[in-house]
Each structure stands twice: as structure tokens, then as C-alpha cells.
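Engineer: Have a look at this fold, sequence not included:
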């Protein structure tokens, strides 16, 4: 097996299911380019009884024709069978499985299953019958369904209310890498960047293995970003439309909502999303649920507020980068990133993107604070202000069961951060305003999350807890 980064738990699940003495129905899902097929192929190399890959935007007959060709390959037959529908296809698959030795574990792999389920294909009905009437009655089947369209995988398989209800024996969701996993992945590819550079890379690409695989270790990060995002026919510019189209039916509505969310870095309430997009009711609910489920959007509660005041905010670094620098921009400068790297616009974006990275690494922040085993809740807080105080916002509030509240402030800089007299006063006033408006009786601590720490001086005493970039790289 090739070395697979950061998927130890998932490999253990698949290998355990391979050793099982019962038939197992396992689903593997996650966003496009996250490594689902790579994982399954590496774990079960040369051990498939049958495998088939669905084709996007192909008619049922074309899908069936390709399925028949796979049956021919795996059976060693001279001719491919003629298949008119999916019931016949699964019957033919049963015949293939029956031809294998009784003691052999039969591993069946359907990749990109959502693409097989075309309108009026009756694929899911045939799958239900195959599993319930036959496969589930045996003890030697390991059936693996894989797909990028997470909403389809969850709604049609996990939440199925028909014949597949409660039939899924294991769900494996592949999430994007975190910083320490990106560091390991890049180093195995000969890309020996320091953690500051890897953090900047994460701001543009997130933790998607395929995106990082496009990096050229012999080029600087700036050169790579120019080549991948700003050159003629840049692959990462074209990736956006393909990504959302592959994941979601009616992708235009999803992109409309992401566009609306990208217009406000602080996030939007449901009512504000409706106002900006015109998408309402169950459709909006379903889209937001799918975006959250796929790690594109996070929903943040406002501190001590109602569900109606939940904020939705983009948490996918690649999407944020796309909307900030590529969407609706027609620059023909193929070295745009190198030429603008030190501009205020890019530096302001890096500051905001660092806040997003910190939110994605909440476990590492809690670990550094020594509260990994303490129950916590996270939220945002916004004061509307009054005549005496301007409104202020805290993007990350960690409320702990030990009656302490951490008010987190994130700063991205090239050197240790200096707290000036004015900034100390801002932090002090913000803490006082938080206490006054929330009427909390808990202890409140100002927590700084920075790249290289803070400079100790006469104004740094306002900070009770300090977290640095290296802490975010911890497992």
C-alpha cells in the first residue's frame, strides 16, 4: 500500500470491515479532490471482485454499457452482456459474485455513485433490492459506495427512508487536511516550506490533497499561486465551477449563496441571505445544510442568542480565495499575485483568512489552552454600541464549563505582534463592554492567537493566554 497521509482511522475501518464475518455496506464520501478513490484503491489494491465508476452527465444506457464492460473484464468473459436496466445489471453482478470461491471475501466498489443515479434510471430501487433480497442475506460481501456529491450520499443512502433505511453499516467522511497533515503531505513530496509559508498556502488552497499535489516544490509559493490561479488556463481558476457542479445538483443556487456570503466576512443571518439571494424556505434550508455538511460553510451561534440569530460564514479557504481575487475579475496579469503580494488588500485578506484557519483549528487552540477535556461552546459576539461606545465584534468566544470565557483575537504578521497603548485600550474596552452587555459572572480572559507571539512590554499584560502559529500545527 502506498503511504496515505492522515487517514489512519479510515484505513482501520476499511480493513476491519474486510475481516468482518458479515456482509457490510460502507459509504465513503467527501468533497471532490479529497482522496476518496485514492484511499479505497490503495487499501483494496488488486482485491476487488468488481469495481465500477459512474460517469457524470451520461444517459442510463451509456452507464449500463460501461457496467457491462466491467463485468466482462472481471469475469474474463469473451463478450459483455446486454443490459437494459439496473435490475438486470445487479442480477449480472450476482452471477459474477456467485462464480467466486465461497470462502473469498467479495469486495464490490461503486465509485461516484451519485452520477449513476440519473433521472428515471431506477438505480436506487435496483440497489435496494440487490442488497436487501440477496447481499444482506450472505456473510461475505463488502459493498463500498463512494461519491463526491455529499448531499446525494447522505439523503439517498444515510437518510434513506425506503429499502436502505438503517442498512449502512459504516460511514467514512473524508474531511480536508489540517495544518499538521498538510505539512506532512508537502514534506513527503519534497516541498520543504516553513510553517509560515504552509499557512499562507493553506489560505489559498485549504487542506485539499489534490490541490497541494499541483504545487511545484522547485517554485516559490508566490510563483505557484501565479501559475495555478492567474496564468492563462490556470487549473485552480477553472476548478471552482467544476467543484460545485460535481457536488451539487442545481449548483447555481449554491454559488449564489456562496457569493452572498463572500460579500460579508462577518457572515450573514438567514434573513440576510434571503434578502440577497431570494432563495427561501426548504430550498434554502437544504442548501445551507449541504454546504455545512461539505465543510464549505460553518454556522456560528451568537453568544447567548437564539437560533434565528445564527450566522453563516464561508470556512473553505479555496472558496474565499476565489471570491476575493478571481470571481468577476478579469486581470490578464499572469504574475498578479507576485506583483500584489505586499499590497494592503492582500495583507488585509491574509488577516481575515488567518481568522478562518484559527476557527478550523479550534481543537488545537483548546489543546494549547489546556482545556481539551473540558466541555466548551463556541460562538461570536457583536455589540451594537451606543452613543458612548462604538459597536465591536469578537469572532471567537470560547465559553468553558469551568466558568471561564476566552475572548480570542487573531493577528497574522511576519514578526511578533506589538500591543500598543491604543490597542491595549481597545482590548480592555471590549472586555468591559462584553461583561456589561452579557451580564456574565464568569471570568473573562483575553486570548491572542498570532503567528509568532506577542512582544512583551508595558501593554502586553492585557493578554492572559497566548497561542502561536506552531500550536496550530499540532496533531
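Structural biologist: Everything's here; your move. Computed from a predicted structure; not experimentally measured.
Engineer: what about the closest residue to residue 444 other than its chain neighbours, distance to residue 441?
Structural biologist: Counting by CB to CB, 6 or more residues apart in numbering, residue 444 lies nearest to residue 405, which is 5.0 Å off, once chain neighbours are set aside. For every residue, glycine as well, the C-beta is placed using N, CA and C. For residue 405, the distance to residue 441 (CB to CB, to the nearest Å) stands at 10 Å.
Engineer: now do residue 45
Structural biologist: From residue 45 to residue 441 the distance is 59 Å (CB to CB).
Engineer: what's the answer for residue 20, then?
Structural biologist: Taken as CB to CB, the span from residue 20 to residue 441 is 52 Å.
Engineer: go on, residue 299?
Structural biologist: From residue 299 to residue 441 the distance is 28 Å (CB to CB).
Engineer: cool, residue 6 as well?
Structural biologist: Distance from residue 6 to residue 441, by CB to CB: 42 Å.
Engineer: The helix or strand bottoming out on mean pLDDT in the chain: how far from the chain's middle?
Structural biologist: The weakest-scoring helix or strand in the chain, judged by mean pLDDT, DSSP states H and E, is helix 150-152 (a mean of 87). Here helix 150-152 is found 13 Å from its chain centre; the criterion is CA atoms, centre = their mean, to the nearest Å.
Engineer: what residues are up against the residue nearest to the spatial centre of the chain?
Structural biologist: For the chain, the residue nearest the mean C-alpha position is residue 295 (3.5 Å; CA atoms, centre = their mean). If you count contacts by CB atoms under 8 Å, 6 or more residues apart in numbering, residue 295 has them with 31, 175-176, 315-316.
Engineer: hmm, try it at 10 Å
Structural biologist: 30-31, 34, 150, 173, 175-176, 206-207, 315-316, 360 (CB atoms under 10 Å, 6 or more residues apart in numbering).
Engineer: again, but for residue 185
Structural biologist: If you count contacts by CB under 10 Å, 6+ apart, residue 185 has them with 3-6, 177, 191, 198, 207, 209, 212-213.
Engineer: where exactly do the strands run in the stretch 101-250 of the chain?
Structural biologist: Applying DSSP state E, counting those that start in this stretch to the stretch 101-250 of the chain gives strands spanning 106-111, 141-147, 170-173.
Engineer: which of residue 405 and residue 441 has more neighbours?
Structural biologist: A count of neighbours by other CB atoms under 10 Å puts residue 405 above the other of residue 405 and residue 441, at 23 against 7.
Engineer: name the helices or strands packed onto the helix or strand in which the more buried one is found?
Structural biologist: For residue 405, the element it lies in under DSSP states H and E is strand 404-411. If contacts are counted by 3 or more CB pairs under 10 Å, 6 or more residues apart in numbering; DSSP states H and E, strand 404-411 sits against helix 344-360, helix 362-369, strand 376-383, strand 392-400, helix 421-438, strand 443-450, strand 465-468.
Engineer: JSON lines please, covering the ones you listed and showing mean pLDDT, distance to residue 124 and mean neighbour count.
Structural biologist: JSON lines is the format used below for those (pLDDT from 0 to 100; distance: least, CB to CB, whole Å; neighbours: other CB atoms under 10 Å):
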{"stretch": "helix 344-360", "mean pLDDT": "95", "distance to residue 124": "34", "mean neighbour count": "17"}
{"stretch": "helix 362-369", "mean pLDDT": "97", "distance to residue 124": "36", "mean neighbour count": "19"}
{"stretch": "strand 376-383", "mean pLDDT": "90", "distance to residue 124": "37", "mean neighbour count": "18"}
{"stretch": "strand 392-400", "mean pLDDT": "91", "distance to residue 124": "41", "mean neighbour count": "19"}
{"stretch": "helix 421-438", "mean pLDDT": "93", "distance to residue 124": "49", "mean neighbour count": "15"}
{"stretch": "strand 443-450", "mean pLDDT": "97", "distance to residue 124": "46", "mean neighbour count": "20"}
{"stretch": "strand 465-468", "mean pLDDT": "97", "distance to residue 124": "47", "mean neighbour count": "19"}
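Engineer: Help me confirm that residue 180 comes into contact with residue 475.
Structural biologist: Yes. Assessed by CB atoms under 10 Å, residue 180 is found in contact with residue 475 at 5.3 Å.
Engineer: Identify the residue nearest residue 116 in space, chain neighbours excluded?
Structural biologist: Distances taken as CB to CB, 6+ apart put residue 54 closest to residue 116, at 3.8 Å, once the chain neighbours are dropped.
Engineer: pLDDT at that neighbour, what is it?
Structural biologist: pLDDT for residue 54: 96.
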